[in-house]
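Asks: need the 3D shape of this:
(chains A and B)
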Amino acid sequence: MLSIDIRRKLFPDRGGRAHLALSGLRLGAQKGEFVCVVGPSGCGKSTLLNLVGGLDHEVEGAVSFAGARADDIGFMFQEPRLMPWLSVLDNVLLVAPDGAAARPRAIELLRAMDLGEVLNAHPGRLSGGMQRRVALARAFVNEPALLLMDEPFVSLDAPTATRLRERLVALWQRCRSTVLFVTHDLREALFLADRVCFLSPAPGRVVLDLPVILPRPRDPLDPGLATLQADLMIRHPDLLAGLANGIVDGREEGGDG
Amino acid sequence: MKRAACGSGEALDLGLVGRGGAKVKRDRIVSEEAWLRLTSLLAFVALWQGLSWWLQSAVLPSPATVLARIAIEMSDLVLPYHLGITLSRVAVSFLLAMAIGVAIGIAMGRWRRVDLFLDGWLVLGLNIPALVTIILCYVWFGLTDVAAVVAVAINKIPTVVVTVREGARAIDRRLMQVAQAYRLGRWRTFTRVYLPQLVPYLMAAARSGLSLIWKIVLVVELLGRSNGIGFQLNVFFQFFDIAGILAYTLVFATIVLLIEALLMRPLERRLSGWRQV
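Replies: Model prediction:
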């Protein structure tokens, strides 16, 4: 359904020297597939999402969506990026098409996220975890064919991030969106994905395409996950050397070029 | 998941309690402020009264004389007539200046080329004395209401542009990306994502605009119109009628203060209510 073929993505650097962010990156996703893109900081993961999401058009290459409209996209950023002047409900309705159908759907979605009490509150009054839940509801309110996620659970404490991941999987299983999820956290990727694509350091390209064959629902504490992770570390040590979170789980720092 | 819900609920309740306490405190501060303002007003009137007693001169009539004059001018409808005309000129030139100034300000904040091209004009516009634009407008467009309103608007537009440009430069690109990623239409992006970020700057431009415009409107009326508060003040000046001048000034200033207190401030509170966390 989604096929990405980026020959070259250049950024004009401040010194006048161009920075090659992505080169020869090919990546595809089946309809309804959950694909995680893992790579070290600065390898161009966010750049990739911006290109797919249409936030950046200056690229040699092509992104195509077979059987879906290019505007049928949900996007979740590193920060919640809610409009502080809109209520929680209006933030979700902002991205929904006009019409009577959107409102009950948004309310139902927010209630399912345990946000029923704060529908009319402004985001500034919510905790970081609650703001992410609003952003998650916003991403799903149109039941998009393609969902792009740019390290959406970074800089949250571990239990909150775990619960948000579980919510994400539940929503995805209901909507069957194709998900492209960028992260530098290997364990997160293994927990979420049907397939994990590893990017090289800049200029980024896919160096390993790994199907994750674990039954769902998955348990974040499943020893199978840890085994898979340890196994990967042994087989591809060079590949995973740049990852911020190779072995130990915990809080990660945000920031990615 | 249950635990998450509980935790966030608690956090929220605490927030509400905190805000409730703050509200009581704010109310107390407000009433104290109101008293101070009232005392200051009374002190002003007392000072005026004292001075007029001491001088015993037609140059400074007492507050009572001025109030009686206001009553007379009100009852024969002369003051309301001129006041209405002046206020409508203020309204028209205010709206004109805001509309044009906001459009130019957004364009200059948004596109660097427009900014570079118009920057020189802007500096010129900011520094031309109001009197010059007024005289030139009357010479070029004749002694008409159009010329009067245009002259006032031209005086005001540059300051609106400067303020709004500042706001347009401070637009959060990350929020604009949200609008772009979700393919929001132009109108929705403008009204729901872009404009709310400009509101503080628009309010600042509007408030300073009102106070500047009503001063310039009087000069414009004095120089080239045969009605309005400015024209009346000129007549009183010819006859050395200080009570008349003070009566008109007092009424007009009161009206402007009321517009500020009953229109601008509530509007600002409504539009920026979300800031009060």
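Asks: burial check on residue B:65, number of neighbours?
Replies: Residue B:65 has 16 neighbouring residues, counting by other Cβ atoms under 10 Å in any protein chain shown. Every residue, glycine included, has its C-beta placed from N, CA and C.
Asks: again with the one 4 residues further on
Replies: Residues contacting residue B:69 under the criterion other Cβ under 10 Å number 21.
Asks: that one: what's it in contact with?
Replies: Neighbour list for residue B:69: B:61, B:243, B:244, B:246, B:247 [criterion: Cβ atoms under 8 Å, 6 or more residues apart in numbering or on different chains].
Asks: what distance do you get for the fourth one to residue A:178?
Replies: When you say that, I think you mean residue B:246. 75 Å (Cβ to Cβ, to the nearest Å).
Asks: and residue A:71, that one's in a helix?
Replies: No - if the criterion is DSSP: H, G, I helix; E, B strand; the rest coil, then residue A:71 is coil and not within a helix.
Asks: give me the pLDDT value at it.
Replies: You'll see residue A:71 listed with a pLDDT of 71.
Asks: and the residue nearest to it when sequence neighbours are not counted, its phi and psi?
Replies: Among residues not flanking residue A:71 along the chain, residue B:183 sits closest, at 4.2 Å (Cβ to Cβ, 6 or more residues apart in numbering or on different chains). Dihedral pair for residue B:183: phi 50, psi 40, per degrees, to the nearest 10.
Asks: quickly find the element holding the residue nearest the centre of chain A.
Replies: For chain A, residue A:149 is the residue whose C-alpha lies nearest the centre (Cα atoms, centre = their mean; 2.1 Å). Element membership for residue A:149, per DSSP states H and E: strand A:146-150.
Asks: show me what counts as buried in the helix or strand following that strand.
Replies: Using DSSP H and E, the next helix or strand after strand A:146-150 towards the C-terminus is helix A:158-175. By neighbour count on 16 or more other Cβ atoms under 10 Å in any protein chain shown, the buried set for helix A:158-175 is A:160-169, A:171-172, A:175.
Asks: could you do stretch A:19-39 as well?
Replies: Result for stretch A:19-39 [16+ other Cβ under 10 Å]: buried residues A:19, A:21-23, A:25, A:27-29, A:33-39.
Asks: check which residues of stretch B:246-256 are buried.
Replies: Buried residues in stretch B:246-256 (16+ other Cβ under 10 Å): B:246, B:247, B:248, B:251, B:252, B:255, B:256.
Asks: now, among those, which is nearest to chain A?
Replies: residue B:256 (28.9 Å; Cβ to the nearest Cβ).
Asks: okay, now the residue lying closest to the closest one once chain neighbours are set aside: neighbour count?
Replies: Among residues not flanking residue B:256 along the chain, residue B:214 sits closest, at 5.5 Å (Cβ to Cβ, 6+ apart). By other Cβ under 10 Å, 22 other residues sit near residue B:214.
Asks: and residue B:214, what is it in contact with?
Replies: Residues in contact with residue B:214 (Cβ under 8 Å, 6+ apart) are B:86, B:90, B:252, B:256.
Asks: got these as CSV, with secondary structure, distance to residue A:7 and pLDDT columns?
Replies: Formatted as CSV, the contacts of residue B:214 follow (DSSP: H, G, I helix; E, B strand; the rest coil; distance: Cβ to Cβ, whole Å; pLDDT from 0 to 100):
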residue, secondary structure, distance to residue A:7, pLDDT
B:86, helix, 67, 94
B:90, helix, 61, 94
B:252, helix, 70, 89
B:256, helix, 64, 84
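Asks: okay, now the unreliable bits of chain A?
Replies: A:14, A:67-68, A:70, A:241-257 (pLDDT under 70).
Asks: domain map for it?
Replies: A:2-72+A:145-240, A:82-143 (automatic domain parsing).
Asks: reformat those domains as JSON lines; add distance to residue B:39.
Replies: Below are the domains of chain A laid out as JSON lines (distance: least, Cβ to Cβ, whole Å):
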{"stretch": "domain A:2-72+A:145-240", "distance to residue B:39": "51"}
{"stretch": "domain A:82-143", "distance to residue B:39": "37"}
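Asks: which residues in chain A form helices?
Replies: A:45-52, A:88-94, A:102-112, A:128-140, A:158-175, A:186-192, A:223-235, A:237-240 (DSSP state H).
Asks: now render the ones you listed as a markdown table, adding distance to chain B.
Replies: Shown next, in a markdown table, are the helices of chain A (distance: least, Cβ to the nearest Cβ, whole Å):
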| stretch | distance to chain B |
| --- | --- |
| helix A:45-52 | 8 |
| helix A:88-94 | 6 |
| helix A:102-112 | 10 |
| helix A:128-140 | 5 |
| helix A:158-175 | 5 |
| helix A:186-192 | 16 |
| helix A:223-235 | 20 |
| helix A:237-240 | 30 |
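Asks: and these as a markdown table, adding distance to residue B:266?
Replies: Shown next, in a markdown table, are the helices of chain A (distance: least, Cβ to Cβ, whole Å):
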| stretch | distance to residue B:266 |
| --- | --- |
| helix A:45-52 | 42 |
| helix A:88-94 | 21 |
| helix A:102-112 | 29 |
| helix A:128-140 | 29 |
| helix A:158-175 | 39 |
| helix A:186-192 | 48 |
| helix A:223-235 | 57 |
| helix A:237-240 | 59 |
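Asks: of those, which approaches residue B:30 most closely?
Replies: Nearest of the helices of chain A to residue B:30, taken as Cβ to Cβ: helix A:88-94 at 29.3 Å.
Asks: how about residues contacting that closest one?
Replies: A:82-83, A:86, A:102-103, A:106-107, A:109-110, A:115, A:118-123, A:126, A:134, A:137-138, A:141, B:182, B:184, B:188, B:192-193.
Asks: nearest to residue B:48, of the helices of chain A?
Replies: Closest to residue B:48 of those, according to Cβ to Cβ: helix A:88-94, at 51.1 Å.
Asks: from the middle of its chain, how far away would the closest one be?
Replies: Chain-centre distance of helix A:88-94: 21 Å, with Cα atoms, centre = their mean, to the nearest Å.
Asks: swap in stretch B:34-50?
Replies: Here stretch B:34-50 is found 24 Å from its chain centre; the criterion is Cα atoms, centre = their mean.
Asks: mind checking the pLDDT average for it?
Replies: 91.
Asks: contact partners of that stretch?
Replies: B:60, B:62, B:63.
Asks: setting aside sequence neighbours, what's the nearest residue to the second one?
Replies: Here the nearest residue to residue B:62 in space, its sequence neighbours aside, is residue B:52; by Cβ to Cβ, 6+ apart that works out to 4.2 Å.
Asks: and the residue lying closest to residue A:39 once chain neighbours are set aside, bridged to which residues?
Replies: Once flanking residues are discounted, residue A:39 sits nearest to residue A:199: 3.2 Å by Cβ to Cβ, 6+ apart. Beta-bridge partners for residue A:199, by DSSP bridges, are residue A:206.
Asks: tell me how far residue A:199 lies from chain B.
Replies: Separation of residue A:199 from chain B (Cβ to the nearest Cβ, to the nearest Å): 21 Å.
Asks: give the contact list for that residue.
Replies: A:25, A:37, A:38, A:39, A:40, A:43, A:44, A:45, A:48, A:205, A:206, A:207.
Asks: ok so, going back, report pLDDT for the residue nearest to residue A:71.
Replies: pLDDT for residue B:183: 91.
Asks: let me see the contact set for it.
Replies: A:54, A:71, A:73.
Asks: who touches the strand or helix carrying residue B:246?
Replies: Using DSSP H and E, residue B:246 maps to helix B:242-259. With contacts defined as Cβ under 8 Å, 6+ apart, helix B:242-259 is touched by B:58-61, B:65-66, B:69-70, B:73, B:79, B:82-83, B:86-87, B:210-211, B:214, B:229, B:232-233, B:236-237.
Asks: after it, next one along is what?
Replies: Later in the chain than helix B:242-259, the nearest helix or strand by DSSP H and E is helix B:265-271.
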